[in-house]
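[1] Mind looking at a prediction? Sequence and model below.
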Amino acid sequence: MDVPVKIVREGMANQLPLPEYATAFSAGVDLRAAEDKVLLPGEWAAVPTGLRIELPEGYEGQVRPRSGLAARHGVTVLNAPGTIDSDYRGEIRVLLINHGKKSFTVTAGDRIAQLILAPVSRISWREEALGDSDRGEGGFGSTGRS
């Protein structure tokens, strides 16, 4: 199902293609860097995309890592997934971190993350006793290793 999303490109992003799906069955569109950045090992930075969007009410944008950057360079999205709320109108910036052992250079135009459109459900709290479950209060590895 196609969902119309308004987009504005600024600066370097005007010279780059609109975010697009890499294949017919890709879940997300690729976000590109709009400026050069060098990330030293252990360093993170908010990399601008030069894009502003208006998501329809009832949807969020999820900014997720690209597996190739993680596998080849140890570079990922620090707050994965980052959330873009439907009322946010600022520039999309991707918070990248370099977990690798070497410096990593982001060049304007590089694909640095994926943007996935997802429906949002709203919570309606009900204060009442919780039901029992087999798991109970077990957490942090309580279901075993295998």
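    Yes, it's here. Numbering: from 1, shown residues only.

[2] Can you tell me the SS state at the residue nearest the centre of the chain?
    For the chain, V63 is the residue whose C-alpha lies nearest the centre (CA atoms, centre = their mean; 1.2 Å). Under DSSP: H, G, I helix; E, B strand; the rest coil, V63 falls in the strand class.

[3] And it, how far from L96?
    According to CB to CB, to the nearest Å, V63 and L96 sit 10 Å apart. Every C-beta, even on glycine, is put in place using the N, C-alpha and C of the backbone.

[4] before we move on, the earlier item: just grab the bridge partners of the residue nearest to the centre of the chain for me.
    Listed beta-bridge partners, V63: G82, L115 (assigned using DSSP bridges).

[5] doesn't L117 make contact with it?
    No - using CB atoms under 8 Å, V63 is not in contact with L117, being 11.3 Å away.

[6] one step back: joint contacts of V63 and L96?
    Common neighbours of V63 and L96 (criterion: CB atoms under 8 Å, 6 or more residues apart in numbering): V77, A113.

[7] hey, C-alpha coordinates of stretch 56-76 in CSV?
    Output in CSV follows, covering the C-alpha atoms of stretch 56-76 (Å, rounded to 0.1, in the frame of the first residue of the first chain):
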residue,chain,number,x,y,z
PRO,A,56,0.5,11.4,7.9
GLU,A,57,-1.1,11.2,11.3
GLY,A,58,-1.1,7.6,12.5
TYR,A,59,2.4,6.8,11.1
GLU,A,60,6.0,7.1,12.3
GLY,A,61,9.2,6.9,10.4
GLN,A,62,11.8,4.4,11.8
VAL,A,63,15.4,5.1,11.0
ARG,A,64,17.3,1.9,11.0
PRO,A,65,20.9,0.8,10.3
ARG,A,66,22.1,-0.6,7.0
SER,A,67,23.4,-4.1,7.5
GLY,A,68,26.3,-3.6,5.0
LEU,A,69,27.7,-0.7,7.0
ALA,A,70,27.5,-2.7,10.2
ALA,A,71,29.0,-5.9,8.8
ARG,A,72,31.8,-4.3,6.9
HIS,A,73,32.7,-1.3,9.0
GLY,A,74,31.0,-1.6,12.4
VAL,A,75,29.0,1.5,11.7
THR,A,76,25.4,1.6,12.9
